[in-house]
Every structure is written in C-alpha cells, then in structure tokens.
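>>> here is a sequence together with a model predicted from it:
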Amino acid sequence: MPFCPSFLLIIMKLLLNVNWFYSRLCFFVIYENFQFLHAQANLYSFVIHQLLIKF
C-alpha cells in the first residue's frame, strides 16, 4: 500500500508543525514575561537609584 506511508508522513508533518507552533508560542510567552520582569527590575533599580541620590 503506497498510500499508508505518505499518510503517516502527512500526520508526522502536521504533528511537527503543531509542535513547532507550540514551542514558538511557549518561547514567546516566556520571552515576553522575561522582558516584562526585566523592565520592572530596571524601573525598581531606577527608583532606588533616584532615592539614593536624594538622600
């Protein structure tokens, strides 16, 4: 049956595409959270720096 391997190949390609999509999505979410936390840390360090300059 030549139909079966190509069908399996299509399923494997779909699974890989879904896997790739989810891995990209997870990476994007983690990266966005990291950027947000990094920005928060920069803001806090800036505020603390300003307070230290004032005192």
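Yes, it's here. Numbering: from 1, shown residues only.
>>> Three-state assignment for A39, please.
Secondary structure assignment for A39 (DSSP: H, G, I helix; E, B strand; the rest coil): helix.
>>> now do it, the pLDDT please.
Confidence at A39, expressed as pLDDT, is 81.
>>> and for it, the neighbour number?
Using other Cβ atoms under 10 Å, A39 has 10 other residues around it. Every C-beta, even on glycine, is put in place using the N, C-alpha and C of the backbone.
>>> with F28 instead?
10.
>>> mind checking how far it is from F21?
Counting by Cβ to Cβ, to the nearest Å, the gap between F28 and F21 amounts to 10 Å.
>>> and F7, by the same measure?
When F7 is compared with F21 (using Cβ to Cβ), they lie 21 Å apart.
>>> and what of L15?
Relative to F21, L15 is positioned 11 Å away (Cβ to Cβ).
>>> how about I48?
Using Cβ to Cβ, one gets 41 Å for the distance from I48 to F21.
>>> can you check M12 too?
Spatial separation of M12 from F21 under the definition Cβ to Cβ is 15 Å.
>>> helix or strand for S45, which one?
helix 3-54 (DSSP states H and E).
>>> other SSEs contacting that helix?
Secondary-structure packing of helix 3-54 (3 or more Cβ pairs under 8 Å, 6 or more residues apart in numbering; DSSP states H and E): no helix or strand packs against it.
>>> how far off centre is that helix?
1 Å (Cα atoms, centre = their mean, to the nearest Å).
>>> what about stretch 9-21, average pLDDT?
Mean pLDDT, taken over the full extent of stretch 9-21, equals 81.
>>> I meant to write stretch 46-55 there.
When the per-residue pLDDT values of stretch 46-55 are averaged, the result is 81.
>>> check stretch 27-34 too.
Per-residue pLDDT over stretch 27-34 has a mean of 83.
>>> using CSV, list the CA coordinates for that stretch.
Below are the C-alpha coordinates for stretch 27-34, written out as CSV (Å, rounded to 0.1, in the frame of the first residue of the first chain):
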residue,chain,number,x,y,z
PHE,A,27,9.1,30.7,23.9
PHE,A,28,7.2,33.9,23.0
VAL,A,29,5.2,33.8,26.3
ILE,A,30,8.3,33.1,28.4
TYR,A,31,10.3,35.8,26.5
GLU,A,32,7.5,38.4,26.9
ASN,A,33,7.3,37.6,30.6
PHE,A,34,11.1,37.9,30.9
